[in-house]
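**Q** Below: sequence and its predicted model.
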Amino acid sequence: MAFAHETYLCLAALALFFVSLGTPAPGVARRWALVLAAVGVVTAVGTFSSRADLFHGTYRVDAFSQSFKVLIAIGYLLAVALGEGVRGINREHEPEYYLFLTLSVLGLTFLVSGVELLTLYIALELASYALYILVPLRRSEYTHQVEAGIKYVMFGAVASGISLFGMSYVFGMAHTTRVDELLRMFPSLASSPMGIVGLTMMLGGFFFKLALFPFHFWTPDIYQGAANETTGVIATLPKIGAVAVLIRLTGLGAGESAGFVGVLTVLAVLSMTYGNLAALVQTDLKRLLGFSSISHAGFMVTGILSGTVAGYAGAMYYVAGYLLMNLALFFVIYTLAPRGENVSLDDLRGLHRRAPLLAFTLAVGAFGLAGIPPTAGFAGKFFVLTAALSRGNLALVIIAALNTAIGVFYYLKMVKAAYSPPEEGVAEPEGRVGLSPVGQVLGYGFVLSILLVGALPGSIVGLFRRALDWVA
């Protein structure tokens, strides 16, 4: 039973592969994917209590890995259920879209349970290459999807090469690729210049998935060039896997190395500051969210670099809330773009009259990402900054607070646009935006989940703390 969820995802990918061999009617592949994703949530929750070391100890199933698998499964289901099929993908590619999406989810599922460096690397590549294929599948009338796909592959290849080179450094110093053995040697590794360089390079591939500075350059272009559905996946699911691996690889030893903590602190500060300042001038919503994700990567690393169970649990809670808030905004973008086109701030004008539920969903998601109570974003920032403060990182907390204030400006700009009439001389988009029953359920579900997770964070953080008992 310990490997039941992974086995199920393999079978689900195989089923979608057979669906893609034929020429199914429009919507058939989505219905298959929706059912398979829903059952995937059930299998992830059903195996939550499983405990095992598999494949000669290179693959660990425990409460920590299972927590992330549940988050990935929920994100997978929400990504498939965003609306009535894929709008930004040519219909003939719909089965392949869901097939490669499932393969990427399978790779991320392997990633969060990997406890050996080469196992982690192979899982990372499986998750990555499937996403590389999804980016250029956007409708042919858009001109930037091929460029975005090429950039994603090139930057991903460089990040993977740096990560693999860093692993060779770490192996050369530690003579092992097993994470549990590396954790015992972490303080001595992180105390030498070569060790710090090797560890930082090794984490480069996961910094790439997290969009952390300086591995962030791909983010705005890929967000803007990929289809709305694809961007929603890229913006959320890989970050769950990246946070899991960063916690696995640093362990409690990160707090014992001033040099390594200093490197992570500098990267967190640069990510928060650059991401927020660049987002201030954006008008394309996906590009804005791309720069925003760079900033949020800095907040996630802020919790991780504390090197405490409280900080790790805060980072886990943060990425869970980020999943809900980001998908809520991409749900709005998806619904407003019937042909899969990009959405700008001007397209939001008068949204409160055309689709009150969509406007409210956008407002709650934006307030959450801005860190305004009682949303999940506020609680997430509170937990990671409290953990950093407990380790004496006062300067980092002050910088993070200033960046939160900067972020509030452009998030409220989105809400203002949705609840404002068009500017003088600009025609307001005509007609109401229709929502299917599934769309209405999703809208209300996003709003309630973001508010409930933010208003009642204690039980969720407590669950994550118990899942982290392995690292204590």
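**A** Now that the structure is in, tell me what you want to look at.
**Q** only C-alpha atoms for contact and neighbour calcs from this point on.
**A** Will do.
**Q** pLDDT weak spots in this protein?
**A** Scanning the chain with the threshold set as pLDDT under 70 gives 26, 83-85, 140-143, 251-259, 422-431, 470-472.
**Q** Tell me the spacing between the residue positioned nearest the centre of it and Asn403.
**A** Against the mean C-alpha coordinate of the chain, by CA atoms, centre = their mean, the closest residue is Thr236 at 2.5 Å. From Thr236 over to Asn403 the distance is 21 Å, taken as CA to CA, to the nearest Å.
**Q** The residue lying closest to Ser292 once chain neighbours are set aside: helix or strand, and which one exactly?
**A** Distances taken as CA to CA, 6 or more residues apart in numbering put Gly275 closest to Ser292, at 5.6 Å, once the chain neighbours are dropped. Assigned by DSSP states H and E, Gly275 falls within helix 258-279.
**Q** what's the answer for Asp53, then?
**A** Per DSSP H and E, Asp53 falls inside strand 52-54.
**Q** In contact with the residue nearest to Ser292, which residues?
**A** By CA atoms under 8 Å, 6 or more residues apart in numbering, Gly275 lies in contact with Phe291, Ser292, Ser293, Ile294, Ser295.
**Q** okay, now the third one: neighbour count?
**A** What it means is Ser293. 29 (other CA atoms under 10 Å).
**Q** looking at it, it is touching Phe213, isn't it?
**A** No - if you go by CA atoms under 8 Å, Ser293 and Phe213 don't touch, sitting 10.7 Å apart.
**Q** Now the phi/psi pair for Ala81, please.
**A** Torsion angles at Ala81 (phi, psi; degrees, to the nearest 10) stand at phi -90, psi 10.
**Q** Help me confirm that Ala388 comes into contact with Ser306.
**A** Yes - assessed by CA under 8 Å, Ala388 is found in contact with Ser306 at 5.2 Å.
**Q** Look up how far Phe446 lies from the residue nearest to Ser292.
**A** On the measure of CA to CA, Gly275 and Phe446 end up 25 Å apart.
**Q** One more: Leu362?
**A** Taking CA to CA, one finds Leu362 at 10 Å from Phe446.
**Q** Which neighbours do these two have in common?
**A** Common neighbours of Leu362 and Phe446 (CA under 8 Å, 6+ apart) are Ala328.
**Q** which residues of the stretch 51-200 of the chain fall in helices?
**A** Listed in chain order, the helices of the stretch 51-200 of the chain (DSSP state H, counting those that start in this stretch) span residues 63-80, 94-113, 117-134, 145-174, 179-189, 193-202.
**Q** who wins for proximity to Arg466 among those?
**A** Across the helices of the stretch 51-200 of the chain, Arg466 has its closest neighbour in helix 63-80 (7.8 Å, CA to CA).
**Q** helices or strands next to that closest one in the packing?
**A** On a contact count with 3 or more CA pairs under 8 Å, 6 or more residues apart in numbering; DSSP states H and E, helix 63-80 meets helix 28-46, helix 94-113, helix 228-234, helix 237-250, helix 309-336, helix 458-467.
**Q** Name all residues that make contact with the residue nearest to the centre of the chain.
**A** With CA under 8 Å, 6+ apart, Thr236 has these contacts: Gly75, Tyr322, Leu323, Asn326, Leu327.
**Q** can you tell me how far the third one sits from Ala235?
**A** In this case it means Leu323. 8 Å.
**Q** list residues touching both of those two?
**A** With CA under 8 Å, 6+ apart, Leu323 and Ala235 have no common neighbours.
**Q** re earlier: looking at the helices of the stretch 51-200 of the chain, which one is packed in the most?
**A** Ranked by mean neighbour count, those are led by helix 94-113 with a mean of 26 (mean count of other CA atoms under 10 Å).
**Q** That one to helix 237-250, inter-axis angle?
**A** Angle of helix 94-113 versus helix 237-250, following axes from the mean of the first three to the mean of the last three CA atoms, to 10 degrees, is 20 degrees.
**Q** Report all helices and strands that helix 94-113 contacts.
**A** By 3+ CA pairs under 8 Å, 6+ apart, helix 94-113 packs against helix 4-21, helix 28-46, strand 59-61, helix 63-80, helix 117-134, helix 237-250.
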